[in-house]
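> Can you look at this prediction? I've put the sequence above it.
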Amino acid sequence: MITLRYIQENPGEVIEKLAKKQFDAREIVGSIVELTEAKNQTQVQADKARAEMNALSRDIGQLMRTGKKQEAEEARQRTAELKEQIRELEQQFAGLEVSIRELQVLLPNLPHVTVPYGKTPEENEVIRSGGVKPLLGAGTLPHWDLAARYRLIDFELGVKLTGAGFPVYRGKGAQLQRALINFFLDQARRNGYEEIQPPLMVNEASGFGTGQLPDKEGQMYHVTADNFYMIPTAEVPVTNIYRDVILEAGDLPVKNCAYSACFRREAGSYGKDVRGLNRLHQFDKVEIVQITHPDHSYGVLEEMVNYVESLVQKLELPYRIIRLCGGDMGFTSALTYDFEVWSAAQEKWLEVSSVSNFESFQANRLKLRYRGEAGKKPELAHTLNGSALALPRIVAALLENNQTPDGIKIPEALIPWCGFDRIP
RNA sequence: GGAGAGAUGGCAGAGUGGUCGAUUGCGGCGGUCUUGAAAACCGUUGUCCCUUUGCGGGGACCGGGGGUUCGAAUCCCUCUCUCUCCGCCA
């Protein structure tokens, strides 16, 4: 959420920057500015009336104590009108606040200056790429066939137990999952991230804090009996650790990582995009989260991108890093880099990570602040996060790219975590 | 699931209608003393909003919401959460 003060002081800039996100903010910003002006005027009046009322009440107390009943009674009669006036002003004020808030939450985050113009994914900017696409011979199989042949993942069994999109991993398939999770967590720890094991369900307040609620409600599984939500990413519980928190400047940057299962309803997706591991309702992911001083968040974003790059390099997967254009960016992000790996049999790029700087957009909702110097006012911190990494598409690419007549080769770096070097 | 207790400032813990944003202790910060440190002593110590060029001024907040009252941390209603005991249980 963009702060009211910022909108109020820079309405033109907000409109201009949001145009890059293909968002016409003119009407909303205009209304916000107008309503805020009215709200402030109302507050001045209400505060004045309350000040008067407070003084009067104190006087009455004083008069009562000194036994001047008569005068106290006179003063009391004067309060009736004031009281009514305060009631009205407070109602007005509350109404204006609600209206402003409703508009305020409609505004996406402002894009960073380096965000490219563009409307569709085609206009995203490839920053760099690495690795070598494997040359596979005839008889190349997509990962869902490989998963069946080597008895790694059973999609139909998942349908029996739960439904489509809930695969069952077994044997070496299950071991590979566990190895990847441990590999990612261990790498993160070596890079200074503290490991967190978060709850997999969160309450409404947490859903709001990171921006899933109220509007993206349909994305999450809702446990209605207790009004909990299954997390769509560990970002939600991990970032919400810092909801309503004031950090000391010395605590920054906070670096957390977490493995979690992630649950997404993905309502309305079908077709070949959802085949195999390409899109699931439950999947595993290791997430990295950082909370930084506003002056350092873009340096940290680069650091996080470099870190994720090191992971796909260790896994020897052909990859490319993409800077999302304004039209393709998420609602809450100021700058996002996506990572895609090449899936050799499907012959397409699969998104496996998204690394974003949210600047103070999430922090404002979360009331996440830091204190620069003792005695100074706390200010909003910056939050960043990224997948490091999401497992299913990594597994898809690993299986497809590394298939040989003798089985599936495990990348060198992963063998210590796997305990085997080949799936025969 | 049954029964009970509670929610106050970073923490602990007072406060049951009138200068209470809140006694006190601990912690934190500053100072005196000391070669330095500890101890002791003194001072200071929340968040948010509005207003003002500035100094400053005003308002809100004692789990959330509503009510009674001239006046609520204190009384009433309601919701949420936490804890304890019993039952069940990985």
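All right, it came through fine.
> C-alpha only now, for contacts and for neighbours.
Noted.
> can the longest helix belonging to chain A be found next to RNA strand B?
Criterion DSSP state H: the longest helix present in chain A is helix A:26-65. Yes - contact between helix A:26-65 and RNA strand B, assessed by Cα under 7 Å from any atom of the strand, occurs at A:37, A:40-41, A:43-44, A:46-48, A:50-58, A:60-62, A:64.
> Give the PyMOL command for selecting the buried subset of the residues you listed.
Buried residues among the residues of helix A:26-65 next to RNA strand B (16 or more other Cα atoms under 10 Å), as a PyMOL selection:
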select buried, chain A and resi 43+46+50+53+56+57+60
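> Show the contacting residues for residue A:4.
residue A:104 (Cα atoms under 8 Å, 6 or more residues apart in numbering).
> how does chain A divide up, domain by domain?
Listed domain ranges for chain A are A:4-104, A:121-423 (source: automatic domain parsing).
> re earlier: I'd like the average pLDDT over the longest helix of chain A.
For helix A:26-65, mean pLDDT rounds to 91.
> Toward the C-terminus, what is the element adjacent to that helix?
Next helix or strand after helix A:26-65 toward the C-terminus (DSSP states H and E): helix A:69-104.
> Quick one: list the elements packing against that next one.
In terms of contacts (3 or more Cα pairs under 8 Å, 6 or more residues apart in numbering; DSSP states H and E), helix A:69-104 is packed against helix A:26-65.
> The helix it packs on relative to helix A:69-104, how many degrees between them?
160 degrees (axes from the mean of the first three to the mean of the last three Cα atoms, to 10 degrees).
> helices or strands up against helix A:26-65?
Using 3+ Cα pairs under 8 Å, 6+ apart, the elements in contact with helix A:26-65 are helix A:4-9, helix A:11-20, helix A:69-104.
> circling back to that earlier point, from the middle of its chain, how far away would the longest helix of chain A be?
36 Å (Cα atoms, centre = their mean, to the nearest Å).
> distance from the centroid: which residue in chain A tops it?
Ranked by distance from the centre of chain A (Cα atoms, centre = their mean), the top residue is residue A:70, with 62.9 Å.
> what does chain A have sitting close to RNA strand B?
Counting by Cα under 7 Å from any atom of the strand, the residues of chain A that sit close to RNA strand B are A:5, A:37, A:40-41, A:43-44, A:46-48, A:50-58, A:60-62, A:64, A:76, A:79-80, A:83, A:374-375, A:377-379.
> looking at it, residue A:249 is touching residue A:372, isn't it?
Yes - in this structure, residue A:249 is within contact of residue A:372 by Cα atoms under 8 Å, at 5.3 Å.
> related to what we said a few turns ago, indicate which one of the domains of chain A is closest to residue A:115.
domain A:121-423 (5.7 Å; Cα to Cα).
> Run the chain-centre distance for that closest one.
On the basis of Cα atoms, centre = their mean, domain A:121-423 sits 11 Å off its chain's mean C-alpha point.
> Right, I'll call it a day here.
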